[in-house]
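>>> just coords:
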């Protein structure tokens, strides 16, 4: 009898312990509800997009330059009324690091969403900041991928310190002729050397939390004139395309590049339209065939090479429809305001599908989220 009672007692104790174990390890109702809400929650960029007006969404498609070393009425209006995605810093905006840091802080404070603060800091002949060798050493002087990485990482850290979060670098084009206007701005070596140094530099910037921009897709040739003043024409055949764009293709396949700048270059044997407004070169070849899903930003849309292609407002619309996500304008207020209004109206009247705008804005927001410019504290920005 005692043995039977002991057995029953053991079974009861075991049952109680199992029940307690299950209870203690089972999430409470509110925990389950919290977990379900997290699972159901859409990506952050989609939540933000939902809160944005059409005017705010269109603004995310522009980066504008401005005059002066202090916050002016003009740049305030561009940020608050046109809701621009970012600003371009030029030499005229910079006095010293202290002034620059204050300027960036001041303009960030007047924007609902954090701004892309962009600068051309390639080094060498294109360097807006002149403080030290890390900031000014040229790409042509970087002899190994490791050196390219080390310099990019330290340069990125210095840029972040003053508030710059986007470097419009590195140049990844393959140029071998000393007569080329691009010769002093590129990496030296074979196509493979150029691609590997570009990959290392981009990784260096990424590790410093600086957004880098590979440029200028699809690439100038050795004989291209300066696209600031006239339109370069490159007569490669379709069969030469993959080899010609090798550095860009390499970076995309390596999955290291988040942003590519599109150059204003004409390829008569590839398409009848300049690369900036060519859906064949951007949507078809870059997006569909190479699978690039990052952000495409144009070179300065105020350069002569693209301005001469037609009315600047119509060119802006074509550039967006061709596949660009951000249009860059260096600093003519009248042009900046007119292209913004034209694009806004083009969306309202259906010439640019709103779904197309949303896709572009989502790419821009993802970029800002990836580099920590936006987090869940930005969700209420539209209130």
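On my side now, so go ahead. Because the structure is a prediction, the values reported are computed rather than measured.
>>> from here on, just use CA atoms for contacts and neighbour counts.
Noted.
>>> for the chain, which spans come out with low pLDDT?
Across the chain, the ranges flagged by pLDDT under 70 are 1-39, 380-383.
>>> now the residue nearest the centre of it: how far from residue 169?
Nearest to the geometric centre of the chain sits residue 259, at 4.2 Å (Cα atoms, centre = their mean). Residue 259 sits 10 Å away from residue 169, taking Cα to Cα, to the nearest Å as the criterion.
>>> give me the contacts around stretch 249-265.
Residues outside stretch 249-265 that contact it (Cα atoms under 8 Å, 6 or more residues apart in numbering): 195, 198-199, 202-203, 211-220, 227, 231-234, 242, 274-276, 290-292, 294-299, 305-306, 367.
>>> report the buried residues of it.
249-252, 257-265 (16 or more other Cα atoms under 10 Å).
>>> now do it: distance to the chain's middle.
On the basis of Cα atoms, centre = their mean, to the nearest Å, stretch 249-265 sits 11 Å off its chain's mean C-alpha point.
>>> repeat for stretch 59-75
On Cα atoms, centre = their mean, the centre of stretch 59-75 falls 18 Å from that of its chain.
>>> kindly report the same for stretch 88-100.
The chain centre lies 21 Å from the centre of stretch 88-100; the measure is Cα atoms, centre = their mean.
>>> how about the strands in this structure?
Secondary structure of the chain by DSSP state E: the strands cover 62-65, 86-89, 116-119, 121-123, 126-127, 166-167, 211-212, 214-217, 259-262, 295-300, 326-329.
>>> save these as a markdown table, and put in distance to residue 151 too.
Shown next, in a markdown table, are these (distance: least, Cα to Cα, whole Å):
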| stretch | distance to residue 151 |
| --- | --- |
| strand 62-65 | 26 |
| strand 86-89 | 21 |
| strand 116-119 | 16 |
| strand 121-123 | 10 |
| strand 126-127 | 14 |
| strand 166-167 | 13 |
| strand 211-212 | 13 |
| strand 214-217 | 16 |
| strand 259-262 | 19 |
| strand 295-300 | 24 |
| strand 326-329 | 26 |
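>>> of these, which approaches residue 362 most closely?
Closest approach to residue 362 among the strands of the chain (Cα to Cα): strand 295-300, 9.7 Å.
>>> can you list contacts of the closest one?
Here strand 295-300 makes contact (Cα under 8 Å, 6+ apart) with 216, 258-264, 276, 323-330, 360, 363-364, 367.
>>> quick revisit: bridging residues for the residue nearest to the centre of the chain?
Listed by DSSP bridges, the beta-bridge partners for residue 259 are residue 295.
>>> residue 144 contacts residue 195, doesn't it?
No: at 11.3 Å, residue 144 does not count as touching residue 195 under the criterion of Cα atoms under 8 Å.
>>> those two: which is more packed in?
Neighbours per residue, other Cα atoms under 10 Å: of residue 144 and residue 195, the larger number sits with residue 195, 23 against 16.
>>> hmm, that one is touching residue 170, no?
No: using Cα under 8 Å, residue 195 is not in contact with residue 170, being 10.7 Å away.
>>> so how far is residue 369 from residue 151?
Computed with Cα to Cα, the distance linking residue 151 and residue 369 is 25 Å.
>>> before we move on, back to that, what sits in contact with each of residue 259 and residue 169?
Common contacts of residue 259 and residue 169, defined by Cα under 8 Å, 6+ apart, comprise 212, 213, 214.
>>> buried residues in stretch 358-373?
Of all the residues in stretch 358-373, those buried under the rule 16+ other Cα under 10 Å are 358, 360, 361, 362, 363, 364, 365, 366, 367, 368, 373.
>>> kindly indicate which of the residues you listed lies nearest residue 101.
Nearest to residue 101 among the buried residues of stretch 358-373, counting by Cα to Cα, is residue 373 at 16.4 Å.
>>> now do the same contact list for that closest one.
Taking Cα under 8 Å, 6+ apart as the test, what residue 373 contacts is 114, 115.
>>> now with 7 Å?
Residues in contact with residue 373 (Cα atoms under 7 Å, 6 or more residues apart in numbering) are residue 114.
>>> buried ones among the contacts of stretch 249-265?
Buried subset of these (neighbour count, 16+ other Cα under 10 Å): 195, 198-199, 202-203, 211-220, 227, 231-234, 274-276, 290, 292, 294-299, 305-306, 367.
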